[in-house]
Structures are given as C-alpha cells and as structure tokens.
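# I'll drop the sequence and a predicted model, then ask my questions.
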There are 2 protein chains.
Amino acid sequence: MSLRARVLYPFQSENTQEISIQEDEELVVFDNNPKDGWLFGENSQGHRGIFPASYVEIIGAHSESEPTVCTLGSGGSPHFTAAGYTLIRALPTSEDGQSSWDDPDTWYDSLEQEVDRSDGQSSYNNQADLTRNKPYLDNHGGSSISHKGSMVSKNLNRFSSFVRSGVEAFILGNVPMMAKIAESYMIEMGPRGPQWKENPHPFTCTIEDPTKQTKFKGMKSFISYRVTPSHTGRPVYRRYKHFDWLYNRLLQKFTIICLPHLPEKQATGRFEEDFIEKRQRRLILWMDHMTSHPVLSQYEGFQHFLLCTDHRQWKLGKRRAERDELVGAHFMLTLQVPDQHQDLQEVEEQLNMFKAFVKKMDDSVMHLGQAATEMAHKHKATFCRDFQRLGSAFQSMSHAFALDPPNRLTALNKAIAHTGCTCHVIGKMFSEQPKYDLFLMLDKLSLYQGLLGNFKDMIQQQKGAFAKLKETQQMSDEGRTEREEVDRMQKRSQMLCFALQAEMDHFHRRRVGDFQGMMQAYLRQQVSFYRRVSEQLESTLLMYDYL
Amino acid sequence: MSLRARVLYPFQSENTQEISIQEDEELVVFDNNPKDGWLFGENSQGHRGIFPASYVEIIGAHSESEPTVCTLGSGGSPHFTAAGYTLIRALPTSEDGQSSWDDPDTWYDSLEQEVDRSDGQSSYNNQADLTRNKPYLDNHGGSSISHKGSMVSKNLNRFSSFVRSGVEAFILGNVPMMAKIAESYMIEMGPRGPQWKENPHPFTCTIEDPTKQTKFKGMKSFISYRVTPSHTGRPVYRRYKHFDWLYNRLLQKFTIICLPHLPEKQATGRFEEDFIEKRQRRLILWMDHMTSHPVLSQYEGFQHFLLCTDHRQWKLGKRRAERDELVGAHFMLTLQVPDQHQDLQEVEEQLNMFKAFVKKMDDSVMHLGQAATEMAHKHKATFCRDFQRLGSAFQSMSHAFALDPPNRLTALNKAIAHTGCTCHVIGKMFSEQPKYDLFLMLDKLSLYQGLLGNFKDMIQQQKGAFAKLKETQQMSDEGRTEREEVDRMQKRSQMLCFALQAEMDHFHRRRVGDFQGMMQAYLRQQVSFYRRVSEQLESTLLMYDYL
C-alpha cells in the first residue's frame, strides 16, 4: 500500500535514480520500509526515484493504486525492482537471508555456490563481495577502501555515511523509543575520556586446525575451523561462510561501531596451503579484535556463533539474530551514556585532531604495507635467487678444482662445495622468512587499514550530526524551530559523541598493544633470522680452519 | 738492405697483410729484424706482405733496390709502414720506449698524456690499452680475453701464440746459443713433478698510501704509491705508469711464464676514491703474485723497479732492461731443466687434463664473478633501498602516533622511530659491505681470470711444439730430415714441457692458498656482517621491553 509523505528537508537529486524533493512538498511513498535509509516514491512533478527516508514524514495513506513498476521484478525480493534501481538487491533482506542460510539443503553449501551462482537469491553475497574484495594491503598496499559501505551497492557509496548509517535519522529524532530494550551498553568516563564499560565476562577465542572437508561424495569441498571460546572451552566448528554470515549481521547492527573487516573472500586457490594459512591468521586477528571489544563481544549473535553446536538451535538463533530490531539507528537506543555535559566545540576539535591522526596513520600503514610487501617479495625472489646463484658458482668452482688430479678430493674442494650448499640453504631461509615476520606484520596492517577506513566514515557521521545540530540551532534562533527540539537534538548528538569517543579510546588502546606486539614480534624474528644466517656461515667457515 | 730467404715450411696466408709461401720458395726480405716473429717481404709471385720469420732461413743478400713502400712512413719508426700494416706500430720498439721513458721531460708525464695523445709515438700505449681494457670481471663478469696477446694488434690475435711467443722459433732451433748468459733459472723435480727452484732470497712487498700529487703548478695530477720490499725495508715511490713500464718489459721477456695481469687502465675517474682503492687492492694482489714467483721475483728489471731511488740510476736501469737480449724465445736459453726423460705422451695427457681444468675453472671464475658482481650490486641498490624504505615507513608510523595527544611522546613511539633509524643503518651496512668482502673476492677472481687466459695460450704453445715435433718425426721417418734433428727438437720440446709443468705447479700451489684465503676472508666478513645486523636489531628490540 502506498502512503503520503511530507518533505521536512530539501534534497537535491544527484543521479538518475534519485529525485529532488522540496521542503513541505507532498510525495507518494510506495513502501514505508526504508532500505538502508532510502525510500522509493514519486514527487509532485511525477518523477519517480529514491530519496532519504529521514528527510520526510509519513502523513497518511495514499488513495491511488500502486505503481505498475512494482510488478516488473523478475525474481528475488519484489520490492523496488524498477530498472536501474539495484539498491535493494544489495541488501540482505530477511527472505534472502532465510533462503540462503536456513534451508537445510544449503546449510552445508560450499563457498563455490556463494561465489559462482549469479541468480537473484545470491546477488547479496555477490554484491558484498564487490566491495569487500577491493585490494587492501593484500597485493601491493593499495588504497584504503571504506569497508563500512559494503551494505550499499557501489553507485551509492558517494552518499555520506551520515545518511547510510542511520545516524542522521537518530539525530533528527526519527528513531522512536521502543517498548522493551533488552540490550544495554554503558559508556563511562575513564582517565582519557569516555570509554566503554568493560565486558563483565571477558573471554578470548582460538581458531585452530583448518581442515578440508567434503560433502556430496567429494563434489563439494570446504575448510572447517575449530573455534574454541575460553569461557566455555567447548569447540565449535565453523566455515568461512558462517563467519561471513556473522559479519553481515554485525554490519547491519553496529553502524556506529568500528568493525574489524573479515579477511577477504577469494574465488580461486582457496585450498592452497598459503591461502589457508593466511586466512586462518587473519581470522585469528579478527576474532581477537571481536573478543576484545566490550560491545561486540557481548552481542547475542556473536555468542550464538561461538557457542551453538546444535543444528536446530543454530537455525533458530540465526533467525532470531536476523529479526533483531535494534539494528542501525535503533542500536543507538541501547546506549547508556554518562550524565555529564561535554563542550561540543571541544569535542569537535578533538575530532579534528583524530581525523588528522587517522589520515596520517592510514598513510603510514599504506607505506609500511608497501615496504613490507616489497621486502617480502625481494626475500622470496631476489635475495633467495642471488644466494642460490652464488651457491651454484661455488659448487661449480669446487667441481673445477676436482679436475686437478693431485688435489681431487682435498678439504678445500669439500669446503668450497659445502659453502655452495650453505648459500643454497641461506637462499631458502631468505625465501621462507617472510612467513615468520613480514606476513604477520601485513596481516595486522591489513586489519588496521580496515579500522582506519571505518573511522573515516564514523568521523563523517559525527560531522554530519554537528552540521545538522548547527543548522537546527540556527533555525531555532530564527524562530523556525522550537528551542526544545534543539535541546533534544543536542542530547542525541552528545550521545553519538560519547559513542565515537568510546570507540576512539578503544582503538588507541588496542593500537598501542597491537603495534608494540607487532614490532616486537618482527624484531625478534629478524634478530633470530640474521643470527641463524650468521651461524650457518660460521659453521661453514670452520671447514676451512682444518685445512 | 734487403735479403734473400728460403722457405723451410709452407705457410698459407689468411688475410691481405700476409703472403702465402711454399717450401723451398725463394723470398725477398726487406728487413731481417723479425717483429714479434714476423718478417715483411715479397714472394716469388711478387706479392708483398708478412710471414712467420721462423718458417724461412736467410740465404744471402738481395741485389735489387729496397722497395719504395718503405719510404712512405709519415712519422715514428720508419719500418714497415705500408698501408694497412699496423703490426709494427703496436710493438714497443726501443725508439718508442726510449722516447717515452728516458726523456727527462717525460719522466713525470702524467697518465693523461699516455692515454690522450694519439700521435705515432704513443700508439704503442694506446694499442696496449685496446687489449688490456677488454672487460674482465670488472663490469659484469665478461669473457676471458687472452691478455698475453696484448703485444700484437688485435687483427693478428688469431695467430697461434706458438708463433707469437717465439716458442716455435725455439722448437725449430732458430734461437742460437749466445756467448754469455748471465741469468739462470732452474727447474727441479718436486713431489708433484717439475717445479721452479725457489728464489733463494724470498721477499714480499707492500703497496701503501696512494697519494695524489701534482706538478706543473697543479696542471698535472697523478697518484703515487709507497712500495716497500721486505728485503730492503726501504720504500720507493712509484706511479701506475712505472708499473706499466715494468709490466711491458715482463710481457716482452717472459713469453712462456704465466704473468699476472696488471690492473686495467682507466681514462676517467682515476682520482675517485673507489677507483684508487680498487687499483691499490689489485696492485697489491699483482705484486703478491710477482714476489711469489721464483722466476719473476728474481728478474733484474723487477728488482730495479723495487730498489732504485735515484733518478739517474733509474734511467740507466731502464735502458739496461730494455736492451736485455734474453727476451721471448731467447729467455728459453736461461732455463736449466732436470736431466730426466719424461714420456712426452704422458705429458700430453697431463696437458689435456690441465686444459680441461683451465676451461672449467675459467667458467667457474666467470660464474662466480657474475654472481658476486650481481650480489654486490644488489647490496648497494636493492637491499639498501628496501631497508631504507622500511625505515622511512616506521618513522612515518611513529610520526602518525605522535598525533594522538595523550600518547604523543610515549616509549612506543620512540621505539618505532628508533626502529626506523636502525633500518636506515642496516641499509647503509648492506650498501657498504661489498667493500669488505665481495669486492675483494672480485679482485682475486679478476687476477685468476687473467692467469687462466694466459694458460690457454701457453697450452696452445705446447701443443704447437708437440705438433711440430711429430711433423719432424714423420719427415725423419720418410728420410727427409736427419734423425739428429728430431733428437734435438725433442730435447727442446722437453725443455718447454718442464717450463710449462713448473708453471702449472706454481699455479696450483698459489691457487690452493689463494682460494682458501679468499673463501675464509669472505665467510669471516659475512659472519661478522650478519652478526652485526642481528645485534643492531637486538639492541632496537630492547627498547620495546621497557614499555
């Protein structure tokens, strides 16, 4: 059934999918379920398209018949299938979610299916891929693509995350209080400012033993990981697709939390040893970040992922998580913030400093990632090859010396041949060393590149909130809005500030520990590596002392 | 005055400068001073050109006038200046030698003059350069150009060294005994076969303190080395041009001795630190080889070079050395060999094995030289740059971290910045290391590449002698030559064998010691290098322990 809506704020269309709307204009809305903050409707000039849901208010039912365009959908969700309007396909609607995840036949679907099939049902997964597979530090550094935006198809990415995240709706007071809110996350004042109250039941979680399994008599293969949370000590077995389901629930729910990116999907080479090792290492880092976060670690869906061992319970838990109403803007309703006034101007300055920090750190992460990638490549190619070439030359020299009959088998010839072997060994050591240091550094840098990308969006959200508040304040000064509306908006802005500050606090705490650990591990490995090279050469040198 | 000659052995012309001659043919010879084993004359068909001096015997004076072609010379030596016949210009005639070296005005001539001037007088120096500057292990390995042939202009290099060295003349009995022979070098039977009797007064010699000096009020610059022989302990000061004079005397005199090549000339960058260091290192290796050789170390011209401090005495000594008659083929007259018969067939087999050894070792030296050159290049370029890039990335990370106000100056930031410095230091260490190991290895390989090149020629000489001996034996069997002639030739061949075997013995002894020393020095430096890298990293790691 279509509805009537009144425009609260003007919006200027920026592409053919959108329509421009004027303040106080009346619109026809064809479905009042905003998808990622957008509604589909028709303006007073008869143009059809999308516009931000939070810019309008529904004022009643519309008498005319529904537009014929809605029947054009060829498959999947019947909503908003107008030509060129692909936004909805990118969203994990409950229908998609259920058919993909809860049908017993697809419970063990291998990743191939997720990646290969291109019908309507799986387009969500494909869409998510598009964004997630952006290169970041995996090949040669690469740009820091914002990952937060993976819920929205690419052509809408240019919209401010302020709108997309639901933060705007919250700031504008368009997220009504709900009857019962079971969840609650507390922000408290710590020594360095607002911080999340710690999870009262902290735990860690191991991810071990990636094992190749098959089904359908070997037709389908997948890797299963043993996931063991410390608070139960009871392992569950999870595949990448289960991690991916969880991750997408997290993306839905926690739009104002800096989510660690899940390691990227990969269509080919998934069963190669290097890939499996790398994915495991990165899943461990991801899990480590998840369990360390006071909000994420307590999320019911996450606990379900960590604890559920029963097939039927798993399905029920998933359905429950997918029906969670406290997602996106509504998640903000679960926050309890300190009863303390913060000077918003001071917070804005703090935010600007953090923005500069994020930019500089993001650049540094990229540079370090490039340097480490290059060094790892040189280890595997150049250094290794050069030592082996030297080794072969020594061996050839020893063969030549064996052609002098009186000196055919002297200690010198043997020592030179052995030196050749040593060079080959050292070449191999160079080639394998990145596994023990540079690759681990790159794993961590990749995680941080994702987090920093998130913060860029989150800073945008906060800046949008500040702008909207200032705008409303000015409207109030001009008598166009009530003073109380400004106060309420200020309170909501404050709440958002606390959340961002708590996230900044958490990030910095993790960062200090993570980078200390990363640097120590790298240096320890390097010390050991060069010492072992030196020892190899030293024992070879001894062969010459007995000549 | 022109002479008549009778052809003893047929010779087939192989280029336009040469003429073919038939056995028993009568020739006109325009000058009976063979230049490097060649005479210029006219055959019975009226063709003029050069032919091997040892293939003919002079039978009397020629009545006709001298050919007009001899008056065409435009400068320098009046001999053999026929168009296209450049052989003689490449020879250090005594006129050239005297004008270059004994004129007081040129006593301090700088190397620029030797290299730059292109008139007739210095063409010898330029010619010598042509051959000596062939790339060998200096740039990227390169081919092993025979250095022995530097006395002959390039277009004659394809002639067997059998002819060029005077060995053929000696084997054919065309080197008459001389009245008084002051020099004498003894070959004795050692445990591994014939060997040189050691120099009864062995000594070593240092080359130190290369110092830039100027003359003509700074117009001319040159490098002077302090050369101190151990048997006098009294330093003499020598320039590269003095080494070069000595080296050319050695080339003249010791055609059957494996002479160490003098480090190459270089027209530009002679005063750059790297070049000076490299030349000094290579002069030291050259000198070391000279003093270790029982024959070379006792050569009067060498002793003169090492001992003379007086300007006037220097000139006299040089003139004496240049007038030495026991050069080339005549040097063979100074040898005293064991009174012991060797089976020439066995010797020939031994020679073939040595030939295979020389080829294999020459290849190995080239490969090792290439590998070491490549490794040195990577040290200076790749390794250094990659570490410095990593260092800059760490420093950039530390700057980023300083943008987080509460953690502006933490121990972590300082430790990361220090890690950046350490990477820069290690980069510099990588860049400088080749000076202490690979460059020294390349010096020694370069010396050996020269020696192996010599042996290729010397083996050719010996093979030529064997062939000539067999040919004469066959002639004797056919009754065309007297049996006694064969015996005499066999005796002379035997003498040559002893000389080559003594050289092989000396080479192998030096080789074992040189390569042991080279490998030990390389490995010691490498052990120390990687240990120091490890230590640098370890002390950096300590900065993280106090966090």
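Yep, that arrived.
# Under the pLDDT cut-off, which ranges of chain A? List them.
Under the criterion pLDDT under 70, the flagged ranges of chain A are A:1, A:14, A:36, A:63-160, A:179, A:267-268, A:270, A:407, A:409, A:547.
# what does stretch A:415-432 contact?
With Cβ atoms under 8 Å, 6 or more residues apart in numbering or on different chains as the test, stretch A:415-432 has contacts from A:379-380, A:383-388, A:390-395, A:397-398, A:401, A:529, A:532-533, A:536-537, A:540, A:543-544, A:547, B:515-516, B:519, B:523. For every residue, glycine as well, the C-beta is placed using N, CA and C.
# where do the helices sit along the stretch 101-250 of chain A?
With DSSP state H, counting those that start in this stretch as the criterion, the stretch 101-250 of chain A has helices at A:111-116, A:123-132, A:161-164, A:167-171, A:240-253.
# what do you get for chain A?
A:94-101, A:111-116, A:123-132, A:161-164, A:167-171, A:240-253, A:273-292, A:300-307, A:311-322, A:344-378, A:384-401, A:411-432, A:438-477, A:483-545 (DSSP state H).
# So which residue is dead centre in chain A?
In chain A, the centroid-proximal residue (Cα atoms, centre = their mean) is A:His261; its distance is 2.0 Å.
# what does the stretch 101-250 of chain A have sitting close to chain B?
A:Arg192 (Cβ under 8 Å from any Cβ of the partner chain).
# residues in contact with the closest residue to chain B within the stretch 101-250 of chain A?
Ranked by Cβ to the nearest Cβ, the top residue of the stretch 101-250 of chain A for proximity to chain B is A:Arg192, at 5.4 Å. Applying Cβ under 8 Å, 6+ apart to A:Arg192 gives the contacts A:505, A:508, B:406.
# hang on, isn't A:Glu168 packed against A:Thr255?
No - in this structure, A:Glu168 is not within contact of A:Thr255 by Cβ atoms under 8 Å, at 11.0 Å.
# what sits against the residue lying farthest from the centre of chain A?
Distance to the chain centre peaks in chain A at A:Pro406, reaching 69.5 Å (criterion: Cα atoms, centre = their mean). The contact partners of A:Pro406, by Cβ under 8 Å, 6+ apart, come to B:192, B:508.
# Number of residues surrounding the closest residue to A:Gln336 other than its chain neighbours?
By the measure of Cβ to Cβ, 6 or more residues apart in numbering or on different chains, the closest residue to A:Gln336 outside its immediate chain neighbours is A:Met186, 4.6 Å from it. Neighbour count for A:Met186, taken as other Cβ atoms under 10 Å in any protein chain shown: 16.
# now A:Glu264
17.
# higher neighbour count, A:Glu168 and A:Thr255?
Under the criterion of other Cβ under 10 Å, the comparison of A:Glu168 against A:Thr255 puts A:Thr255 first, with 27 against 24.
# so how far is chain B from the more buried one?
25 Å (Cβ to the nearest Cβ, to the nearest Å).
# Can you pull the phi/psi pair for that residue?
phi -70, psi -20 (degrees, to the nearest 10).
# Isn't it up against A:Leu326?
No - A:Thr255 lies out of contact with A:Leu326 (Cβ under 8 Å); the separation is 11.5 Å.
# Next up, the contacts around the closest residue to A:Asp288 other than its chain neighbours.
Using Cβ to Cβ, 6+ apart and skipping the chain neighbours, the partner closest in space to A:Asp288 is A:Thr204 (7.3 Å). Residues near A:Thr204 by Cβ under 8 Å, 6+ apart: A:229-230, A:288, A:291.
# Would you write out the PyMOL command that picks the buried residues out of those?
Selection of buried members from the contacts of A:Thr204 for PyMOL, criterion 16 or more other Cβ atoms under 10 Å in any protein chain shown:
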select buried, chain A and resi 229+288+291
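# Let me know the closest of the contacts of A:Thr204 to A:Tyr299.
Minimum distance to A:Tyr299 across the contacts of A:Thr204 is 11.1 Å, recorded for A:Thr291 (Cβ to Cβ).
# in stretch A:352-365, what counts as buried?
A:354-355, A:357-365.
# typed the wrong thing, it's stretch A:333-341
In stretch A:333-341, the ones that count as buried by 16+ other Cβ under 10 Å are A:333-335, A:337.
# Report the entries of these that also contact chain B.
Restricting the buried residues of stretch A:333-341 to those near chain B - Cβ under 8 Å from any Cβ - leaves none.
# What about these, which are in strands?
Judged by DSSP state E, strands contain the following of the buried residues of stretch A:333-341: A:Leu335.
# Would you mind listing the residues in contact with the spatially closest residue to A:Ile426 that is not a sequence neighbour?
Nearest non-adjacent residue to A:Ile426, counting by Cβ to Cβ, 6+ apart: A:Phe387, 4.9 Å away. Listed by Cβ under 8 Å, 6+ apart, the contact partners of A:Phe387 are A:423-424, A:426-427, A:430, B:375.
# Please apply the same query to A:Leu451.
A:258, A:260-261, A:507.
# Out of these, which comes closest to chain B?
Among the contacts of A:Leu451, and counting by Cβ to the nearest Cβ, the member closest to chain B is A:Phe507, at 9.6 Å.
# my guess is that closest one contacts A:Asn454, does it?
No - counting by Cβ under 8 Å, A:Phe507 stays clear of A:Asn454, with 9.3 Å between them.
# Common neighbours of the two, please.
Common neighbours of A:Phe507 and A:Asn454 (Cβ under 8 Å, 6+ apart) are A:Cys258.
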